[in-house]
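Q: my questions are about this predicted structure, shown below with the sequence.
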Amino acid sequence: MLARLGIKAVIVENTGSEWFILKISVDGAELIPAGRYAG
């Protein structure tokens with residue numbers, strides 16, 4: 001699916017110890033806090 005959007009790589013840096021969901025759409029990308037889904 002990422003290839004269909006033209007995305008060839010995803011790099012996430014300096015997010016700390018918290019968990020996030022990376023939401024990617026045709027409108028852009030955003031990091032959503034995912035603490036309640038982790039672990």
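A: It's in. Residues are numbered from 1 along each chain as shown.

Q: beta partners for the residue most central in space within the chain?
A: Central residue of the chain (CA atoms, centre = their mean): Leu22, 1.4 Å from the mean position. In this entry, Leu22 is beta-bridged to Leu31, by DSSP bridges.

Q: distance of it from Lys8?
A: 15 Å (CB to CB, to the nearest Å). Bear in mind the C-beta positions are built from the backbone N, C-alpha and C, glycine included.

Q: which pLDDT value does the model give the residue nearest to the centre of the chain?
A: The model reports Leu22 with a pLDDT of 86.

Q: for it, which residues are in contact?
A: Val10, Val12, Ala29, Glu30, Leu31, Ile32 (CB atoms under 8 Å, 6 or more residues apart in numbering).

Q: residues touching Phe20, list them.
A: Neighbours of Phe20 in contact, by CB under 8 Å, 6+ apart: Val12, Leu31, Ile32, Pro33, Ala34.

Q: the same query, at a cut-off of 10 Å, please.
A: When contacts are counted by CB atoms under 10 Å, 6 or more residues apart in numbering, Phe20 touches Val12, Glu30, Leu31, Ile32, Pro33, Ala34, Gly35, Tyr37, Ala38.

Q: for the nearest residue to the fourth one once chain neighbours are set aside, grab the count of nearby residues.
A: To tie it back to what came earlier, the one meant is Ile32. Nearest non-adjacent residue to Ile32, counting by CB to CB, 6 or more residues apart in numbering: Ile21, 4.6 Å away. Per other CB atoms under 10 Å, the neighbour tally for Ile21 reads 11.

Q: in contact with Ile21, which residues?
A: Glu30, Leu31, Ile32, Pro33, Ala34, Tyr37, Ala38.
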